[in-house]
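1. Have a look at this fold, sequence not included:
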C-alpha cells in the first residue's frame, strides 16, 4: 500500500514553503520542488503526487487575492462584450495550448524530464532568456488586462506551453513571453496569476485522477500540511511581487536561475 512522505510533516512543510515561494516567481516551482524532493530523499510516486497537488494551495492564494475580480468574471461569462466577460474568455483561450499539449505529452514528460539534471539545464536556459528580454527594452503597448485581445491570449498561451518542460517556469514563460509580446510588466504578471487558475486546476485534477490509487490517509495528511503552508506563503509572495514589479526588473531572477542551475549541476 502507498504511504506518505518519508520525512513526514517536516518534508511536507519544507516542500510547501518551496512551492509557495516559487510558484509565481519566474524561477520554476516544479523545478525547485523536484530538486528539493531529491535532496530530501522524497522520490516515491506518492511524493510526486504530493508535489502536484500542493500547487492548489498557491492557486487558492490567487483566488483569494483576486476574489472580487473573479466573482465579476464568473457573472460575466456569456457576455463577451463586457470587460470582465472578455477577460474570462481571453484567459480560457490562453489556457488551451498548454492543456492540449499537456494531455498529449504528459506521460513522456513525467517519464523522461522529471530529473534534477534536466531541471538545472532548463533553469539556466530560462535565466538567459530573462536577461535577454530585459535587455531588449521593449516599449509596452498593453498596460491593462482589459486591453488583451484574442491573438494576445494565444501567443501567451503558446509561451506557457514551454513550461511543460520542468524547470522552464510557468510564471516565467507567461510573464517574459507577455513582455516580449508587448505587455507592460505588471500587466503581464497579473495575467500570469490569473492564467495559473485554469492551468493548475486542470493539472491537479488530471494528476489526481491518474494516481487515485496512491491516495491514503497518510499522504492526504501530508498534502493538507503542504497545502496550507503553500497557500500562506504564496499569498505573501503575490503581494510582494506586484509591489516589486512596479519599480524593478526581473534581471535578479535571471541571474538567480543561472547560479542555482549551475550549483545543482556542480553538486550532481
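-> Received, thanks. Everything quoted here is computed from the prediction, not taken from an experiment.
2. pLDDT weak spots in this protein?
-> In the predicted model, the chain carries pLDDT under 70 at residues 1-2, 112-113.
3. The same query, at a cut-off of 50, please.
-> Judged against pLDDT under 50, the low-scoring parts of the chain cover residues 1.
4. And the helices in it?
-> Taking DSSP state H to define them, one finds helices in the chain at 8-22, 29-40, 45-53, 55-65, 67-76, 83-112, 116-136, 150-161, 170-181, 185-210, 217-245, 251-267.
5. Quick one: work out the angle between the fifth one and helix 83-112.
-> Using axes from the mean of the first three to the mean of the last three Cα atoms, to 10 degrees, the inter-axis angle of helix 67-76 relative to helix 83-112 is 100 degrees.
6. So which residues make contact with helix 67-76?
-> Outside helix 67-76, the residues within contact range by Cβ atoms under 8 Å, 6 or more residues apart in numbering are 63, 82-85, 87-88, 197. Bear in mind the C-beta positions are built from the backbone N, C-alpha and C, glycine included.
7. For residue 131, state which of the residues you listed is nearest.
-> residue 197 (28.8 Å; Cβ to Cβ).
8. need the contact list for that closest one.
-> Applying Cβ under 8 Å, 6+ apart, one finds that residue 197 lies in contact with 59, 62-63, 70, 91.
9. Just the buried subset of those, please.
-> With neighbours counted using 16 or more other Cβ atoms under 10 Å, the contacts of residue 197 contain these buried positions: 59, 62-63, 70, 91.
10. okay if I get these as a markdown table plus distance to residue 266?
-> Converted to a markdown table, these look like this (distance: Cβ to Cβ, whole Å):
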| residue | distance to residue 266 |
| --- | --- |
| 59 | 33 |
| 62 | 35 |
| 63 | 39 |
| 70 | 43 |
| 91 | 40 |
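11. Just the closest of those to residue 250, please.
-> For these, the residue nearest residue 250 by Cβ to Cβ is residue 62; the value is 19.1 Å.
12. that older thread, quickly check the contacts of helix 67-76 for the two that are furthest apart.
-> By the measure Cβ to Cβ, the contacts of helix 67-76 have their two most distant members at 63 and 82, which lie 20.8 Å apart.
13. roughly how far apart are the residue lying closest to residue 166 once chain neighbours are set aside and residue 146?
-> Computed as Cβ to Cβ, 6 or more residues apart in numbering, the closest residue to residue 166 that is not its neighbour in sequence is residue 30, at 4.8 Å. As judged by Cβ to Cβ, to the nearest Å, residue 30 and residue 146 stand 31 Å apart.
14. what's the answer for residue 6, then?
-> With distances defined as Cβ to Cβ, the gap from residue 6 to residue 146 amounts to 48 Å.
15. What are the buried residues along stretch 92-100?
-> For stretch 92-100, using 16+ other Cβ under 10 Å, the buried residues are 93-95, 97-99.
16. Which residues outside that stretch are in contact with it?
-> By Cβ under 8 Å, 6+ apart, the residues outside stretch 92-100 that reach it are 150, 153-154, 156-158, 160-161, 163-164, 191, 195, 198-199, 202.
17. what about the closest residue to residue 241 other than its chain neighbours, how many neighbours?
-> With Cβ to Cβ, 6+ apart as the criterion, residue 241 has its nearest non-adjacent residue at 6.0 Å, and that residue is residue 24. Neighbouring residues of residue 24 were enumerated by other Cβ atoms under 10 Å; the total is 25.
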